[in-house]
Structures are given as C-alpha cells and as structure tokens.
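Student: need a structure here:
(one chain, ligands or ions: 1)
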Amino acid sequence: MPDHSPVRIGVSACLLGRDCRYDGKHKRDSLLCDTLGQRFQCVPICPEVELGLPTPRPAMQLQRRAGEIRLVVPEQEKDLTEAMLAYARRRVAALAEEGVCGFVLKSKSPSCGIWDVPVYEDAAAASQSGRGLFAETLMTRLPNLPVEDQRRLQDARLRENWIARVFAYARNSAP
Ligand code: SF4
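Tutor: Residues are numbered from 1 along each chain as shown. The predicted structure is shown next:
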C-alpha cells in the first residue's frame, strides 16, 4: 500500500507564529506558512524552549573564545554550549526517527541560523558568518537533509527547488 501521509518537515517554531522568541514574540512568516502549510506537515521546533529556557529570556549570542565558538548569555554570564549541543544531538536523532524530510530555519539566530549569525569577539561583532548550534548539529548529522534559511525561501525559484529536494528525500527514505 502506498503511504499517502503528508511529508513532514521541521520548521523553527517562531516562523510558524509561536511566541517563543527571547522577547516573547514570534516571527510568523506568512508566505512560508501558506506555501509550506499546504504541502507539508510542519513540525514546530524551538531549540531554546526545548532546552528548558523560559520565554521571554535574556538574549544569547555566539562568541569566539580561545578559537572556539560558544553559545553564551552575556547578561547572565552563562555558557550554554554543551547543554545545547547535547540537546541538539538527541533531538536530531529523534527527528531522523520521526521521518522528517526537510527543515526551514530562522535566519540570524544563534541556535537556528545557517549562514549569517553574528559572532562576537569581546563586546564587538566580529563577523556575520556564524552558524547556530542547532543548525550546525542538524546539518552535520543529517548532511543530505534539505535544510534552508527562511529568507532564501522567499525566492520562488529557490523555494520550488527546495520543495523538490524535500519530496525526493521523502521518496528515497521511504521504507
Ligand atoms: S530562532 Fe529558533 S531558537 Fe530562536 S525563537 Fe525561533 S525557533 Fe526558537
């Protein structure tokens, strides 16, 4: 019997309208919600909330310390790198088990951003080229999974290309 259940994708929860950002707000992306909601079953994931952090919460940032990228909460002088990596490894393994076939991630987030996350050195922004720790774990552990940045999916051509890759991934991973 062919499986007609909808293809599942993971989506940064704030893009779907969940009030889970550090400031207690969301970043609902109407275009994505309308387009993707019609074609996929969206699984909302907020790595920071799933890590057990409250909403609202002090903002986090990536910092380069002794050559390593760390996830820190400057206001509390807390380093959440190990906790986030441990959570991300567990969650990504579970997502693979659940049959997620693609992922859309919020840009610029120190947890979810793919390409353009500020990396701070001391108090100054040193570069805009870091990757959030959840995104890094997802893309390292599931290298063939179609993962995209929400902003790139505003482009219709890139969006259709990504959607085609998600369906191909679903076909190739079907039992
Ligand atoms: S960007 Fe990621 S970690 Fe931040 S609120 Fe959105 S889903 Fe949560």
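Student: Give the burial count for Cys20, as a bare number.
Tutor: Cys20: 24 surrounding residues under other Cβ atoms under 10 Å. No exception for glycine: its C-beta is placed from N, CA and C like everyone else's.
Student: That one reaches Glu50, doesn't it?
Tutor: No. The criterion here is Cβ atoms under 8 Å, and Cys20 misses it with Glu50 at 9.5 Å.
Student: What's the first helix or strand after the helix or strand of the chain with the lowest mean pLDDT?
Tutor: When each helix and strand of the chain is scored by mean pLDDT, DSSP states H and E, strand 124-130 comes last, with a mean of 77. Remark: after strand 124-130, the chain's next helix or strand is helix 133-141, criterion DSSP states H and E.
Student: now that we're looking at Tyr169, how far away is Lys106 from it?
Tutor: Between Tyr169 and Lys106 the distance is 21 Å, computed by Cβ to Cβ, to the nearest Å.
Student: If you could redo that for Ile69, that was the one I meant.
Tutor: In this view, Ile69 and Lys106 are 18 Å apart by Cβ to Cβ.
Student: So for the two, which residue has more residues nearby?
Tutor: Legend: neighbour count by other Cβ under 10 Å for Ile69 and Lys106, higher for Lys106 (23 against 17).
Student: Up against the ligand, what does the chain have?
Tutor: Counting by Cβ under 6 Å from any ligand atom, the chain comes close to the ligand at Ser12, Ala13, Cys14, Cys20, Arg21, Cys46, Pro47, Glu48, Lys106, Ser109, Ser111, Cys112.
Student: so who does the residue lying closest to the fourth one once chain neighbours are set aside touch?
Tutor: So the one you mean is Cys20. Residue nearest to Cys20 in three dimensions, not counting chain neighbours: Cys46, with 4.3 Å by Cβ to Cβ, 6 or more residues apart in numbering. Taking Cβ atoms under 8 Å, 6 or more residues apart in numbering, we find Cys46 in contact with Ser12, Ala13, Cys14, Arg18, Cys20.
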